[in-house]
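Asks: what shape does this take:
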Amino acid sequence: MRVLAVALLLAFVMAPASAATKAKPNRCADDAGWNDRAVPRHVYGNTWYVGTCGISALLVTSKAGHVLIDAGTEDAASQVEANIRTLGFRVQDIRAIVGSHAHGDHAGGLAQLQKASSAPVYARAAALSVLSTGKADRSDPQLLALKPFPAVAKLEPIEDGGHVRGGPIDLVAHATPGHTPGGSSWTWRECENGRCVDMAYVDSLTAVSDDVYRYSDDAAYLATFRNTLDAVAKLPCDVLVTPHPSASDLWARLPPESSKPLIDATACRAYAESATLRLDARLAKEAKAK
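Replies: Numbering: from 1, shown residues only. This is a model prediction of the structure:
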């Protein structure tokens with residue numbers, strides 16, 4: 001995999017016809033819009049950022065095919081496709097698609113990418129019905145604030161701890177319900193220059209809802225959310241990427257404009273601790289409003 005990563009990086013840097021060679025990688029604003037264009041770039045090993053400035057999408061690559069993680073909004077799907085091509089990869093070589101949670105900002109582009117690649121979309125049972133219709137139900141705390149997105153075909157169920165494999169790629173699914181009931185996170189190993197690390201694409205952990213739902217009125221879901229926060233803190237996690245790049249300070253951590261280290265073994269724990277504080281603040285707000 002190290003040889004492949006080096007070869008791909010050299011191809012990216014040296015290809016004279018590639019638009020990526022003509023544009024210096026940009027440092028997206030932390031408050032970037034969901035569909036603001038981003039220059040695709042290398043993350044680590046065989047993992048590449050192909051999303052927009054405001055919404056993440058990753059491509060994990062190999063000679064045997066690729067795995068796409070999230071697809072952005074419906075309007076951004078074409079950008080994700082273009083970013084993949086800009087890096088020199090073929091959308092048709094995507095063998096599997098996985099995601100974080102079934103909201104339009106991350107799942108809106110899945111239908112287009114699935115159709116373009118013919119790859120199955122893997123999701124946990126709690127997300128399958130939403131992805132198949134493009135519409136959430138009352139189990140989602142944000143239901144009344146959500147808009148429908150294009151329904152996704154060719155869905156495959158995956159369990160907590162299940163694997164999505166292709167060639168040397170081996171992504172492990174982690175059930176992380178809370179932000180949504182079907183939320184999922186993914187971990188895998190990447191190696192570069194003789195150093196292997198644990199990659200973690202961890203779902204959103206924000207406790208947000210529509211104006212009707214109250215976490216304090218749903219003891220079972222609240223307990224599930226807290227279990228997720230505990231589990232995230234313990235994930236194998238050297239390089240953290242989140243569905244919203246700003247949540248993991250990604251733009252400050254990616255070269256060449258990096259001001260913070262990309263590799264941080266404490267990142268998932270810090271991410272979970274911050275989310276716990278926000279959940280507690282939300283519960284305090286609900287108690288005060290009662």
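
Asks: okay, stretch 148-159 in CSV with CA atoms only?
Replies: Output in CSV follows, covering the C-alpha atoms of stretch 148-159 (Å, rounded to 0.1, in the frame of the first residue of the first chain):
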residue,chain,number,x,y,z
PRO,A,148,-36.1,14.9,1.8
PHE,A,149,-33.2,13.8,-0.4
PRO,A,150,-33.0,11.4,-3.4
ALA,A,151,-33.8,7.8,-2.5
VAL,A,152,-30.9,5.4,-2.7
ALA,A,153,-31.0,2.1,-4.5
LYS,A,154,-28.8,-1.0,-4.1
LEU,A,155,-28.6,-0.9,-0.3
GLU,A,156,-26.8,-3.5,1.8
PRO,A,157,-27.2,-3.9,5.6
ILE,A,158,-24.2,-4.0,7.8
GLU,A,159,-24.0,-4.8,11.5
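
Asks: who's in contact with the residue nearest in space to the middle of the chain?
Replies: To find the centre residue of the chain, average its C-alpha atoms and take the closest one (CA atoms, centre = their mean): that gives Pro243, at 4.0 Å. For Pro243, the contacting residues are Ile55, Ser56, Asp70, Ser100, His101, Asp105, His106, Tyr201, Asp203, Ser204, taking CB atoms under 8 Å, 6 or more residues apart in numbering as the criterion. For the C-beta atoms, the positions are set from N, CA and C on the backbone; glycine is no exception.

Asks: before we move on, what about Ser246?
Replies: By CB under 8 Å, 6+ apart, the residues touching Ser246 are Asp30, Asp31, Ala32, Gly54.

Asks: turn these into CSV, including distance to Phe89, pLDDT and neighbour count.
Replies: Conversion of the contacts of Ser246 to CSV gives the following (distance: CB to CB, whole Å; pLDDT from 0 to 100; neighbours: other CB atoms under 10 Å):
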residue, distance to Phe89, pLDDT, neighbour count
Asp30, 28, 81, 15
Asp31, 29, 88, 9
Ala32, 24, 91, 19
Gly54, 22, 97, 22
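
Asks: secondary structure and distance to Thr187 for those - can I get that in a markdown table?
Replies: Putting the contacts of Ser246 into a markdown table (DSSP: H, G, I helix; E, B strand; the rest coil; distance: CB to CB, whole Å) gives the following:
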| residue | secondary structure | distance to Thr187 |
| --- | --- | --- |
| Asp30 | coil | 25 |
| Asp31 | coil | 28 |
| Ala32 | coil | 26 |
| Gly54 | coil | 24 |
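
Asks: quick one: the residue nearest to the centre of the chain from Asn35, how far?
Replies: When CB to CB, to the nearest Å is applied, the distance between Pro243 and Asn35 equals 14 Å.

Asks: re earlier: how near is the residue nearest to the centre of the chain to Asn26?
Replies: Distance, Pro243 to Asn26, using CB to CB: 20 Å.

Asks: and for Thr52?
Replies: Spatial separation of Thr52 from Asn26 under the definition CB to CB is 11 Å.

Asks: what's the answer for Thr73, then?
Replies: Using CB to CB, we find Thr73 at a distance of 19 Å from Asn26.

Asks: equivalent analysis for Leu235, please.
Replies: Counting by CB to CB, the gap from Leu235 to Asn26 is 29 Å.

Asks: go through the chain and flag its longest strand.
Replies: The strand of greatest length in the chain, counted in residues with DSSP state E as the criterion, is given as strand 184-192.

Asks: end to end, how far does stretch 260-269 reach?
Replies: 17 Å (CA to CA, to the nearest Å).

Asks: mind listing residues that contact it?
Replies: Outside stretch 260-269, the residues within contact range by CB under 8 Å, 6+ apart are 43-44, 197, 200, 202, 232-235, 237-240, 248-249, 252-255.

Asks: repeat for stretch 141-151
Replies: Contact with stretch 141-151 is made by 73-74, 103-104, 107-108, 110-112, 131-137, 140, 179-180, 207-213, 215, 221, as judged by CB under 8 Å, 6+ apart.
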